[in-house]
Structures are given as C-alpha cells and as structure tokens.
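Q: coords below, sequence missing:
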Ligand code: DAH
C-alpha cells in the first residue's frame, strides 16, 4: 500500500473546473443548435472554438496544473471540445443541405416557359453578300473557287506578272510573314486564286472566287487592313474583251437593278493586257449626275455628280500569266476581274462607313438578317 500522495498540490484553476468546462460546452452546443443559417454558425464557430473561446482558454490553462492533474483535465477538455466540434460538423452539413435545397427552389427556372428574349441570329452581310455574288455567277454556269489567305509570294505576285520590283510588294502594302525571306504573305488580293485554278484545272475555266484579303492600310471609313474581294476568271477558246463587258454588265444589273451597266476606262494591271477600270452607272441618280433636292436639282452625293462609281479592275488575261500557269496561250485566252465586296455592299445598301461591316455590332448585322 502506498502512503498518501504528499506531492499533490490541488491548485484550483477556475476555467478548468468541471462545472466551468461543462457549462462552456453546453453554451457552445446550445449556440450551435440555435444557429439557423451558415452565417450565424460561422460566428458560433469563432466564439466557441476560436483561440479566444472559453474552451480554448481552458485548454491553455492545463499547463498551470501540477503534472498529475494534467491528464485528467486534458481528457475532460478534449472530450468537451470533441463534442462541440462534432456538433458543429453535424449542424454544418444540415445547414448546407438546407441552403442547397433553398437555392434549388429559389433559383428554379421554368425552361418550358415561352420567351421572346432570345433574338434570332443574323448571318453577316459580308457572308450573304458573297453568296449572292457567287449565286449570280453560278446561275451562269460558273464555279466557285477558293484559295488560302496565307499565300505563297510566287502565286500572289510572280505568277501574276508582278515583277520583283513592283511597288505593291513593298512593306507598305503587303503583310509578310516571319522570317521575311520565307516567301509567304497574307494575300493582298484574290487574284492568286486565278493562278491556283489555272495550275490545277484545264480550260475551259469559269470561276468566281470571293474571299478575304489583307493590306497594310490604315483603318478608316473607306479602308481596312482586312477586306474582301471577288475575283472572276474565264479561260476558253476565243474569249475577248466583249465577253468581259457583257459579263460585268450582267453582274452589275443583277446586283444593283435593271439599267445599271458598266463602262471601262483604260488602265494598267500586270496580269491583264489590255486592262480597264470598271465604273458602274450610279444607281442613285442612274447616270443623271443630279437628284431632286426638294428645291430643285442638286449634285448626286453618291457619285459626287459624276454619274459613275468606280467598281473594280479587269482585263484580258496577260498571255504571260497563262504561260506561267501552264495554259496554252496560243489556243486559249481569257478575261479576269476583281471587285471589292465590301465596297459593293456599301453601294448596294447605302452604307457610309466601311467599319460598320467589321465591328460585329448585332444591331447593324440584324438589319440584314432577313436577306436571303
Ligand atoms: N487584283 C486587283 C487588285 O487587287 C484587282 C484586279 C484587277 C483583279 C484586274 C483582276 C483584274 O482579276 O483583271 O487591285
């Protein structure tokens, strides 16, 4: 039998008294049970398990007890804290489940309700405009051809008889790709599709090639570094300038209405000989140069009183181009033309600013939505 424990010095540490610990635990459990939402529970967690909570403070006092008493006190506090943590975890999952349930009810959307809030999409006028142009030619038995926008320098320039010193090759006009001597450019016109077509098909060839082109132009109301062109190419036996004129007159009438024809002005393009600029009868004054201004005739604003509008370039395909692209220039001849699609659409729809076509504002494009 051991004698009485004379070492035991029953130091009274108030926070560690059984009643104190139990009441701290009961307070915590009551507060947890009372918490009806996650926000409140968060505060309860801080108040009852945080560093300054009664149980945490009590825990810290264990060290003040004589060694023999520490174990028992430690177990008691540990049990109380465990009960609080368990109750907290249980309450948290109950409140989280309730919260989730409530959100599901509150945020319920009846997906079957009818709505007119989703505006119908509209195809872009450049897309529909390009298709309209292609259709005009397909109706005459032509085919649509396409080429890449990242193009070989040779096809963009050399094959089209644009010599190495031609000014269009300079940095001001052409976007070159790195490294600059790799001979790859962003195509500056749709004319390389002519070369590609002649290289891959045998005459007779009748193709129209709408597409995107690139030049180092400033972006303003009439210029953009990215724009659209449509190229036309006809190669057959006995093709002459007269076929070109007839074709473009038909194109103009189909695009702008009866009576809108074209005139040619002599010009120069390396890939055609002879070459011409094509003008369009002004579709507003219809060539009259004046319109009714209310108080009498005033100069037509659309053509600036000229009666004609510049439309594009054209000509009889230069035999050098035919030969570079493997076409027998003794047997075949051809004509070609190139127009700006954006410009054509600006005329057709009376658009004042080219940028409207590129900025993707649905209020603008929706206005074209119903056009077929
Ligand atoms: N490629 C010319 C340009 O971008 C337009 C052009 C002119 C195309 C005459 C042709 C043509 O096919 O014959 O300015």
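A: On my side now, so go ahead. For clarity, every value in this text was computed on a predicted model and none was experimentally measured.
Q: which of the residues in the worst-scoring helix or strand of the chain on mean pLDDT are buried?
A: In the chain, no helix or strand scores lower on mean pLDDT, DSSP states H and E than helix 362-366, which sits at a mean of 81. Neighbour counts over helix 362-366 (16 or more other CB atoms under 10 Å) mark residue 365 as buried. All C-beta spots, glycine's among them, are computed from the backbone N, C-alpha and C.
Q: Numbering from 140 from now on, please.
A: Got it, the first residue is 140 from now on, which makes the last one we talked about helix 501-505.
Q: so what secondary structure elements neighbour that helix?
A: Contacting helix 501-505 under the criterion 3 or more CB pairs under 8 Å, 6 or more residues apart in numbering; DSSP states H and E is no other helix or strand.
Q: And it, how far out from the chain middle?
A: The gap between the average C-alpha position of helix 501-505 and the chain average comes to 15 Å, counting by CA atoms, centre = their mean, to the nearest Å.
Q: which residues touch the closest residue to the ligand within the stretch 240-389 of the chain?
A: Relative to the ligand, the nearest point of the stretch 240-389 of the chain is residue 328 (3.3 Å; CB to the nearest ligand atom). Taking CB atoms under 8 Å, 6 or more residues apart in numbering as the definition of contact, the neighbours of residue 328 are 295, 352, 368, 370, 477.
Q: hang on, the earlier thing: give me the residues contacting the least confident helix or strand of the chain.
A: Outside helix 501-505, the residues within contact range by CB under 8 Å, 6+ apart are 258, 261-264, 495.
Q: Please flag which of the residues you listed sit within strands.
A: Members of the contacts of helix 501-505 lying in strands (criterion: DSSP state E): none.
Q: Name the member of those with the most neighbours.
A: Neighbours were tallied for each of the contacts of helix 501-505 (criterion: other CB atoms under 10 Å), and the maximum of 23 neighbours falls on residue 264.
Q: Just give the closest residue to that residue, not the sequence neighbours.
A: Distances taken as CB to CB, 6 or more residues apart in numbering put residue 507 closest to residue 264, at 4.1 Å, once the chain neighbours are dropped.
Q: how about the one you found, secondary structure?
A: Three states are possible here, and by DSSP: H, G, I helix; E, B strand; the rest coil the one that applies to residue 507 is coil.
Q: what's around it, how many residues?
A: By other CB under 10 Å, 18 other residues sit near residue 507.
Q: And it, how far from the ligand?
A: In this structure, residue 507 and the ligand are 25 Å apart, going by CB to the nearest ligand atom, to the nearest Å.
Q: So residue 227 sits against residue 184, correct?
A: Yes. Using CB atoms under 8 Å as the test, residue 227 is close enough to residue 184 to be in contact (5.9 Å).
Q: quick one, helices of the stretch 140-289 of the chain?
A: In the stretch 140-289 of the chain, the helices defined using DSSP state H, counting those that start in this stretch lie at 157-173, 177-188, 193-200, 206-245, 264-277.
Q: Just the angle for the fourth one relative to helix 177-188, thanks.
A: With axes from the mean of the first three to the mean of the last three CA atoms, to 10 degrees as the basis, helix 206-245 and helix 177-188 are set at 180 degrees to each other.
Q: quick one, helix 206-245 and helix 193-200 angle?
A: Using the same axes, to 10 degrees: helix 206-245 against helix 193-200 is 150 degrees.
Q: now helix 206-245: how far from the chain's centre is it?
A: With CA atoms, centre = their mean as the basis, the mean position of helix 206-245 lies at 52 Å from the chain mean.
Q: swap in the second one?
A: When distances are taken as CA atoms, centre = their mean, helix 177-188 is centred 48 Å away from the chain's centroid.
Q: ok, now the third one?
A: Chain-centre distance of helix 193-200: 61 Å, with CA atoms, centre = their mean.
Q: what does it rub up against?
A: So helix 193-200 is contacted by 152, 154-155, 159-160, 163-164, 166-167, 187-189, 216, 219-220, 223 (CB under 8 Å, 6+ apart).
Q: Ok, stretch 236-247 next?
A: 176-177.
Q: I'm done for today, thanks for sticking with me.
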